[in-house]
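> Here is the input, now give the coordinates:
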Amino acid sequence: MGSLGEDVAWQLPVRSTARAAEMGRLERPTEALECWRYSPIDDVQWDRYQGSGIESDEALWSRATEMLATFGPMDSVIRIDGGHLVDIDSHSDGVMAVEVQAIGEFLRQADESLLSLTTLLAPGRLEVNLDTSVHRIGIITCGSGADAGLWSWLRISVAPGASVEIIQIDLLSGSVLHAPVIEIFGGEKASITYRQQLDHDRQALSLGYVRFRLGADARLEIDTASTHQGYTRVRTDGTLQGARASAVIRVGYVVGAAERVDYRTFITHDAPRTKSDLLYKGVVNGDGSSIYTGTITITPLGGGSEAFQTNRNVLLSEEALAWSVPNLDIQISDVKCSHASTVGPIDEEQLFYLASKGFPAEEARRTLARAFFADMGDDFAVEQRSLRAAVDEKWESGQ
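Now for the predicted structure:
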């Protein structure tokens, strides 16, 4: 097995030079590893990404700003380009954003090698601290370049008792390799809504990580819409560490020809009476493909917990593919858990019903594809509009 650290000549930033030996031991990810199963990771030409990122142009920032505006006014807007903090436009004293060197730090060796590599290669760690006076902030992350490797590490800490909505717009332009790490820490009784819109160049390769840890009575909701991508992978690791902590994750995706999305979730209930509810739904067209694998673990400390995970996919063509593998690891009784997954074409009975109402066949299929996300909740409305627009765009372009 090759090494990510030695076979590819990425240069460590000064902050990580003391970790050169660890970098050399990081193994290259392969599809043979369970955490990369079904992934096209063996096809990635790592040594291709030797270039440096370029400053994202104004058109990209303008598009991101327009997307952010659809969510309403913000207390603060933080802009990050290629892993670097660009600026913060703040109307609140409760937002603190700084780039720290985090000298010598990196995440656990037990983590995926790519995650450890990212924390080593990131130019610094961007730390965003939010107190109880903050209600809504926007984070715009852009990355641009040709065959450039972009590494970023963002840590968001929300104070105990705070109630905040965080909206991230993530845009990639060009044939970049983007490896972001996002950490969210919620203090006791914190209420966090983290909404993420991903819109990536079809040439881009995005391999990201979201990690969260919640204290007692804290609540985190993650809402994501992924509409354009080359190959986008997001691995989410969450720990419900305090009693009665809860996490809700809703992800919608539209995948067109030659595109692939890849979602991995690992949720651990490590305290009593905790709750998690995961819903991943996608429309896949052309020769596109989607992957969902998830494991919910309830440890012996998680008595009285409730956990649910669901993945549903509708395939619009015979070439479209979806892999769906939900798992449960229950180590204690007195819990409520379930998982479900479906993969298939548009329901024939629904098509027949619309045909009986006078819908032409193609229009009926398009209508049902657009309506596929309708049950994801009224507070998922902005994301639903993006997903429906992506269905229309790919339908009309034949992708």
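> In this model residue 186 seems to touch residue 214, though I could be wrong.
Yes - the pair residue 214 / residue 186 is scored as a contact, 4.5 Å apart, by Cβ atoms under 8 Å. To be clear about C-beta, it is placed using only N, CA and C from the backbone, and glycine gets the same treatment.
> Which residues are in contact with each of these two?
220, 245 (Cβ atoms under 8 Å, 6 or more residues apart in numbering).
> can you map out the helices along the stretch 201-350 of the chain?
348-356 (DSSP state H, counting those that start in this stretch).
> wait, what's in contact with the residue nearest the centre of the chain?
Geometric centre of the chain, nearest residue: residue 234, 4.4 Å, by Cα atoms, centre = their mean. Residue 234 makes contacts with 208-210, 224, 262-264, as judged by Cβ under 8 Å, 6+ apart.
> who does it bridge with?
residue 208, residue 263 (DSSP bridges).
> Repeat that for the one 5 residues further on.
Beta-bridge partners recorded for residue 239 (DSSP bridges): residue 213, residue 268.
> Any idea how many residues pack against it?
Applying other Cβ atoms under 10 Å, we find 20 residues neighbouring residue 239.
> now swap in residue 353 and tell me
13.
> Same question for residue 21.
8.
> What of residue 344?
11.
> same question, residue 42
The burial count for residue 42: 11, using other Cβ under 10 Å.
> now the one 10 residues further on
With neighbours defined by other Cβ under 10 Å, the count for residue 52 comes to 11.
> Go ahead and confirm it touches residue 150.
No - applying Cβ under 8 Å, one finds residue 52 not in contact with residue 150, separated by 9.1 Å.
> avg pLDDT for stretch 176-186?
What stretch 176-186 shows for mean pLDDT is 95.
> Check which residues of it are buried.
176-186 (16 or more other Cβ atoms under 10 Å).
> shaky segments in the stretch 101-250 of the chain?
103-110 (pLDDT under 70).
> For residue 366, give its distance to residue 294.
In this view, residue 366 and residue 294 are 30 Å apart by Cβ to Cβ, to the nearest Å.
> Who has more neighbours out of the two?
Neighbours per residue, other Cβ under 10 Å: of residue 366 and residue 294, the larger number sits with residue 294, 23 against 18.
> measure the nearest residue to that one once chain neighbours are set aside to residue 22 for me?
Closest residue to residue 294 apart from its sequence neighbours, by Cβ to Cβ, 6 or more residues apart in numbering: residue 265 at 3.9 Å. Distance of residue 265 to residue 22, given as Cβ to Cβ: 27 Å.
> Neighbour count: those two, which is higher?
When neighbours are counted by other Cβ under 10 Å, residue 265 and residue 22 differ, and residue 265 comes out ahead with 25 against 15.
> Would you confirm that the more buried one contacts residue 249?
Yes - at 7.1 Å, residue 265 counts as touching residue 249 under the criterion of Cβ under 8 Å.
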